[in-house]
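Colleague: can't give you the sequence, but here's the structure:
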């Protein structure tokens, strides 16, 4: 894989395939004072097609593109939570894994949008679906406008990549109800019934660092959410105003395309 020169896009294989594992330490949900650890299989898939892009940041379908403005289709997901294992939610329905998908407007705010140091303003808006694969229900929508900085070819040998993003989060009533609402049927002496509102959902800072070796990929990531002043501040299910996630991933890359294309910011 050739190194990118300042002001030019990096030449990368059209696709790569690999496999590894990822370790996560994550709160049961944002605002929970209990957390879990996970060791999960990690498929490594990279694809730089004209309409579809898959990389370490997620899955994107490019709907519109100019040098400075992109409109992508992006996705995200969360882990399930067994309420019997969480003291705040004990006796309540489990939290199914959620899947998010929706458009993301991205605007380059750097003088050179194809350089090794790029600032972007990103505005993803995603519909949220909760499902345990036996049923599907809407869990609202989320909005996370943020500033993102990506730097390539850092450190010894110029092989490290670094990214950081920061911005507020907003969600509608249904999303907040899924995590922080308490129906009268599940109210207790220490968990009163609670109806939530849509609106401010916290402030998020996320960062990641990765390095690509010849046939291996190594990544580390962290995310912090400050839940001070959120619209569900009075929910008994909000046990802490701080949520911290951290993890790592390792993958062996065993196949790649001989066709080279330009990577995109």
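Modeller: Cool, got the structure. Owing to the predicted nature of the structure, the values given are computational and were not obtained by experimental measurement.
Colleague: Now do the SS call for residue 177.
Modeller: helix (DSSP: H, G, I helix; E, B strand; the rest coil).
Colleague: any idea where the helices of this protein begin and end?
Modeller: Taking DSSP state H as the test, the helices found in the chain are 173-180.
Colleague: Neighbours of the residue lying closest to residue 37 once chain neighbours are set aside, how many?
Modeller: Spatial nearest neighbour of residue 37, excluding adjacent residues (C-beta to C-beta, 6 or more residues apart in numbering): residue 25 at 5.3 Å. Heads up, the C-betas are built off the backbone N, CA and C, glycines and all. Per other C-beta atoms under 10 Å, the neighbour tally for residue 25 reads 14.
Colleague: Equivalent analysis for the one 5 residues further on, please.
Modeller: Residue 30 is surrounded by 22 other residues when neighbours are defined as other C-beta under 10 Å.
Colleague: Give me the local confidence score for it.
Modeller: pLDDT, residue 30: 96.
Colleague: Relative to residue 226, how far out is the nearest residue to it once chain neighbours are set aside?
Modeller: Nearest residue to residue 30, sequence neighbours excluded (C-beta to C-beta, 6+ apart): residue 243, at 4.6 Å. With the distance defined as C-beta to C-beta, to the nearest Å, residue 243 ends up 8 Å from residue 226.
Colleague: now residue 86
Modeller: Taken as C-beta to C-beta, the span from residue 86 to residue 226 is 21 Å.
Colleague: So between the two, which is more surrounded?
Modeller: Comparing residue 86 with residue 226 by neighbour count (other C-beta under 10 Å), the higher total belongs to residue 86, at 22 against 15.
Colleague: Not counting sequence-adjacent ones, nearest residue to that one?
Modeller: Excluding the flanking residues, the one nearest residue 86 by C-beta to C-beta, 6+ apart is residue 28, at 5.1 Å.
Colleague: burial count for residue 217?
Modeller: Residue 217 has 20 neighbouring residues, counting by other C-beta under 10 Å.
Colleague: Next one, pLDDT for the closest residue in space to it that isn't next to it in sequence please.
Modeller: Nearest-residue entry for residue 217: residue 251, 4.6 Å, with adjacent residues in sequence omitted and distances by C-beta to C-beta, 6+ apart. For residue 251, the pLDDT comes out at 94.
Colleague: so what's residue 251 up against?
Modeller: Residue 251 makes contacts with 18-20, 42, 44, 216-217, as judged by C-beta atoms under 8 Å, 6 or more residues apart in numbering.
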